[in-house]
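# Turn this into a model:
(2 chains)
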Amino acid sequence: MSAVKSVSLQNEIEQKANVNLDTCMQCGCCTGGCSGIDCMDYSPRQVIQLIKKNQRERLLKGKTIWMCVACHICEDRCPAGIRISRLMDALREIAIADSSLKPNMQTVFHKTFLGQVKTFGRTHEGLLMMAYSRKTKTPLPPTKLIIDLLLRMRIGMRPPHIPGKSYRFIIKKVKEGGNVHGA
Amino acid sequence: MVLKIGYYPGCSLHEGMAKPFDTSAKLVCRKLGIGLQELPDWNCCGATSGHSIDHTLNLALGARNLNLVTKLGLHAVTAPCAACFANLKKTSHDLKDPATCQMAQELIGEQIADVDVIHLMDVIAQPAVLETLKGKIQNKFKNLKAVCYYGCLTVRPRFVTEAADSENPQTMDNLMQLLGIETVDWSHKTECCGGSFSICGPEIATIRTNEVLSQAKATGAEAIIVACPLCHSNLEFALHAESSKIPVVFFTQLLGLALGYSVKEVGLHKMLVNNFPWIEKLTS
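Residues are numbered from 1 along each chain as shown, chains lettered A, B, ... in the order given. Alright, predicted model coming up:
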């Protein structure tokens, strides 16, 4: 991280997400429509301002990037056409690569999810739920719901998929590329 | 007329909660002359964790799926799942950039051709398919008031999805009206239900879900029609917790009923609210 820190956060984000933050006029359309705003510490409009002010720690340690639900309302409405969802993705990617930051419910979920995808090529809702629940010590859904779903044959009971050679090849390639943040 | 298109079911439709979406989509397409060819050994599209924390992996996952379409000799693929559609469409969009395409080709070790990604709703809404549909409707709905819930990813971001209107879309409304359903205009048709956070961020998911549900109920709708398995399970589970009798169903299930399939064939008996009087709402 030390080499990256010398680069301004704005440059880093602009490059990673292919956006131009200088076109932001702080109108707040993004924030007006934001679906995650109730649980955020900084609004999307403030996020852009904080990036420009190089407030790396405040953003990476804050709640906003993990409470962005990726609904794309912000970028759909942005009059300057800034791809705000991509910018949030870039911030999350920087945060998850930074080992000094504490894991949270969202980082555990994403890593568990992608770990399963890398192994099986697909996700298995039941196994994912159980693995996540075990890692985070969160309770499984209510028993009545599980029973009703089972009675309606809505929970997949077959073993996970086994992906072919070409799939394992690309996963190996991605790992070699060094952009994998582990399962 | 037979229209051939690649079919990407995605994890949730394949063996998960949204199996009835898969079954009903296949029945409807067969009846309408849409030849779905499932991609062999397709992999997860990566939504939403892939693009959230590892864009290289997300690109590789999407590029491999799109390449499977090319290998079938096809130029387009459809995904009923909104999240799969949006993520595959995003990859297809990103691959138009030569540097990204080069990187993806190195990751999957193969040449990449241009592949169009179309949501199933838009495949069915093509004029020629609509004509076939009109001719094959066996039963129409009567006195059924419903809201069409598009959620986020069938329409946004519009410069990727190419949606005609991302604030007030009409595709699903038009399809359902064709079946005799009274679709209600409402405020939250493209608001987010928080579905991708139902497991890992219930604090925000609950706020979003309650808002969407309270607005849907305020319209007096008897059913909520969706096009996304995440919206579906999220809304359905929330309604189940409050013992509500409002069914949340996939648009393909209602198309299926109108095309003459039974409640069981389209999987409506597998919904959490499975005692809704669908048959009484149909007139032949």
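
# Could you give the number of residues near residue A:144?
Residue A:144 has 11 neighbours, counted by other CB atoms under 10 Å in any protein chain shown. C-betas here are computed from N, CA, C, even on glycine.

# Give the buried residues for the helix or strand where it lies.
Using DSSP states H and E, residue A:144 sits within helix A:143-151. Residues of helix A:143-151 classed as buried by neighbour count (16 or more other CB atoms under 10 Å in any protein chain shown): residue A:149.

# what mean pLDDT does that helix have?
Across helix A:143-151, the average pLDDT comes to 96.

# Residue A:105 and residue B:201 touch, don't they?
Yes: with contact defined as CB atoms under 8 Å, residue A:105 and residue B:201 form a contacting pair (6.4 Å).

# Find residues that contact each of those two.
Common neighbours of residue A:105 and residue B:201, counting by CB atoms under 8 Å, 6 or more residues apart in numbering or on different chains, are residue A:66.

# who has more neighbours, the two?
A count of neighbours by other CB under 10 Å puts residue B:201 above the other of residue A:105 and residue B:201, at 22 against 18.

# State the distance from the more buried one to residue B:59.
25 Å (CB to CB, to the nearest Å).

# Show residues contacting the helix or strand following the helix holding residue A:144.
For helix A:143-151, the following helix or strand on the C-terminal side (DSSP H and E) is helix A:165-176. Residues outside helix A:165-176 that contact it (CB under 8 Å, 6+ apart): A:118, A:121, A:180, B:41, B:43, B:56-57, B:60-61, B:64, B:106-109.

# Can you give me the buried ones in helix A:165-176?
Within helix A:165-176, the residues scored as buried using 16+ other CB under 10 Å are A:166-167, A:169-171, A:174.

# farthest-separated two in the residues you listed?
A:166 and A:174 (13.1 Å; CB to CB).

# what about residue B:117, helix or strand, and which?
Using DSSP H and E, residue B:117 maps to strand B:116-119.

# Could you do residue A:74 as well?
Residue-wise, residue A:74 maps onto helix A:73-77 under DSSP H and E.

# which strands and helices sit next to that helix?
Helix A:73-77 sits against helix A:29-33, helix A:84-97, with contacts defined as 3 or more CB pairs under 8 Å, 6 or more residues apart in numbering or on different chains; DSSP states H and E.

# of those helices, which approaches chain B most closely?
With CB to the nearest CB as the measure, helix A:84-97 is the member of these nearest chain B (4.7 Å).

# CA atoms of that closest one as CSV?
Output in CSV follows, covering the C-alpha atoms of helix A:84-97 (Å, rounded to 0.1, in the frame of the first residue of the first chain):
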residue,chain,number,x,y,z
ILE,A,84,-20.6,6.5,-9.4
SER,A,85,-21.3,2.7,-9.0
ARG,A,86,-17.9,1.9,-10.6
LEU,A,87,-16.3,4.4,-8.3
MET,A,88,-17.8,2.7,-5.3
ASP,A,89,-16.6,-0.7,-6.7
ALA,A,90,-13.1,0.8,-7.0
LEU,A,91,-13.2,2.0,-3.4
ARG,A,92,-14.3,-1.4,-2.1
GLU,A,93,-11.6,-3.1,-4.1
ILE,A,94,-9.0,-0.8,-2.5
ALA,A,95,-10.4,-1.4,0.9
ILE,A,96,-10.5,-5.1,0.7
ALA,A,97,-6.9,-5.3,-0.5
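
# quick one, the helix or strand that that helix is followed by and helix A:84-97 angle?
Using DSSP H and E, the helix or strand that follows helix A:84-97 in sequence is helix A:105-120. Helix A:105-120 runs at 80 degrees relative to helix A:84-97, counting by axes from the mean of the first three to the mean of the last three CA atoms, to 10 degrees.
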